[in-house]
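1. Sequence plus the predicted model coming up.
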Amino acid sequence: FFEKWGIQWVFAHNGDLSSFSPTNSKQHPLLTSKSYKNTYNPVGQTDSEAVFCFILNSLRDMFDTLPTLPLLYEAIKKLCDEITDSDDDPIFNFLLTCGQHVQFVYSWPGARPGSSVWNGLHYTVREPPFKMTSLVDCNYSIDFSENTLDDRISVIATKPLTTNENWIEVKKGELILFDEGLPYIGAAQCCEVEEKGHGLKSTVLPHDKGLVRDWRHVLEQVGSAGI
C-alpha cells in the first residue's frame with residue numbers, strides 16, 4: 001500500500017501485464033513519456049507494483065485538489081483503458097481501496113498461455129434475510145443468519161465460492177465502485193455515493209467542491225451519447 005493525498009491506498013492485483021514487467025517497463029510508452037513523473041516507484045520487480053505506481057503517479061498529475069468520486073471514477077477508468085490497450089494480451093483484475101469507504105473493482109479477464117484457468121472477478125451481495133449457503137469446493141454449508149451481523153456486504157472473488165447465491169461476473173473492461181455492500185457503475189452513480197458523504201477524505205489536500213459541476217458533466221456526456 002501507499003500513502004497518497006493523506007489517504008492509504010491498497011492495491012490487490014490478479015493478472016498478467018507483460019508490458020509492465022521489469023524488462024519491458026523500461027521501454028513502455030506510458031512509463032517513458034516526457035510528461036510522466038516517477039513520484040511513486042515500485043520496491044519489488046512485479047507487474048502489480050509497476051502498474052499500481054503508474055496509477056498513483058498518473059492520478060497525482062491529474063488532480064491538484066481532492067477529486068469527487070465521479071471524477072476519480074472517470075480518471076481510473078481512463079487509465080485502465082490505457083493499460084489494457086498498451087498490452088498485447090492483458091489479464092488485469094484488481095481491487096483498489098482509497099481510505100475508509102472507497103473501493104474500486106476492475107476486471108479484464110483472461111487465461112495465461114497453456115492454462116485453462118480463467119482469471120476474472122465475480123461478486124455477490126449478501127443482505128438480510130441471510131440464508132444457508134453451500135461451498136463449491138467441499139461438502140460444507142454455512143448458516144449466515146446465525147453468524148453475520150444485520151448488515152449488507154459484498155464478497156468479491158476470482159470465481160463463485162458458493163452454489164446457491166447469485167454470483168455476478170464483472171464484465172470485461174468494467175469498473176465498479178462498491179459502497180456499503182452495493183455496486184455502483186458509471187460516474188453518474190458515483191455521484192450518489194459522493195452525496196452520502198462517502199467520498200475521499202483528507203486533511204492535507206483541499207477537496208474539490210464541484211459536485212454540481214461533475215453532475216452536469218456526466219449528464220452532458222449521457223445526453224451527447226443519446227442514452
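-> Alright, I've got the coordinates.
2. Please count neighbours and contacts with C-alpha atoms only from this point.
-> Will do.
3. what's the longest strand seen in the chain packed up against?
-> When the chain is parsed with DSSP state E, its longest strand is strand 7-16. Helices and strands touching strand 7-16, by 3 or more Cα pairs under 8 Å, 6 or more residues apart in numbering; DSSP states H and E, are strand 2-4, helix 47-62, strand 91-98.
4. Mind putting these into a markdown table with mean pLDDT and mean neighbour count?
-> Below are these laid out as a markdown table (pLDDT from 0 to 100; neighbours: other Cα atoms under 10 Å):
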| stretch | mean pLDDT | mean neighbour count |
| --- | --- | --- |
| strand 2-4 | 87 | 15 |
| helix 47-62 | 92 | 19 |
| strand 91-98 | 96 | 21 |
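5. could I get the ones you listed as TSV with distance to residue 201?
-> Shown next, in TSV, are these (distance: least, Cα to Cα, whole Å):
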stretch	distance to residue 201
strand 2-4	11
helix 47-62	16
strand 91-98	9
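6. Which one of the ones you listed lies nearest to residue 12?
-> strand 91-98 (5.2 Å; Cα to Cα).
7. contact partners of the closest one?
-> Strand 91-98 is contacted from outside by 7-17, 84, 103-111, 119-121, 200, using Cα atoms under 8 Å, 6 or more residues apart in numbering.
8. Same question for stretch 48-59.
-> Residues contacting stretch 48-59 (Cα under 8 Å, 6+ apart): 4, 11-13, 20-21, 25, 31, 36-43, 75-76, 79.
9. hang on, the earlier thing: what's the angle between the longest strand of the chain and helix 47-62?
-> Inter-element angle recorded for strand 7-16 and helix 47-62: 130 degrees (by axes from the mean of the first three to the mean of the last three Cα atoms, to 10 degrees).
10. Tell me the secondary structure of the closest residue to residue 101 other than its chain neighbours, please.
-> Among residues not flanking residue 101 along the chain, residue 198 sits closest, at 5.8 Å (Cα to Cα, 6 or more residues apart in numbering). Under DSSP: H, G, I helix; E, B strand; the rest coil, the three-state class of residue 198 is coil.
11. which residues touch residue 198?
-> Residue 198 is in contact with 101, 102, 179, counting by Cα under 8 Å, 6+ apart.
12. I'd say the second one and residue 200 touch.
-> It stands for residue 102. Yes - at 7.1 Å, residue 102 and residue 200 qualify as touching, with contact defined as Cα atoms under 8 Å.
13. Quick check, residue 47 in contact with residue 20.
-> Yes - between residue 47 and residue 20 there is a contact at 4.9 Å, judged by Cα under 8 Å.
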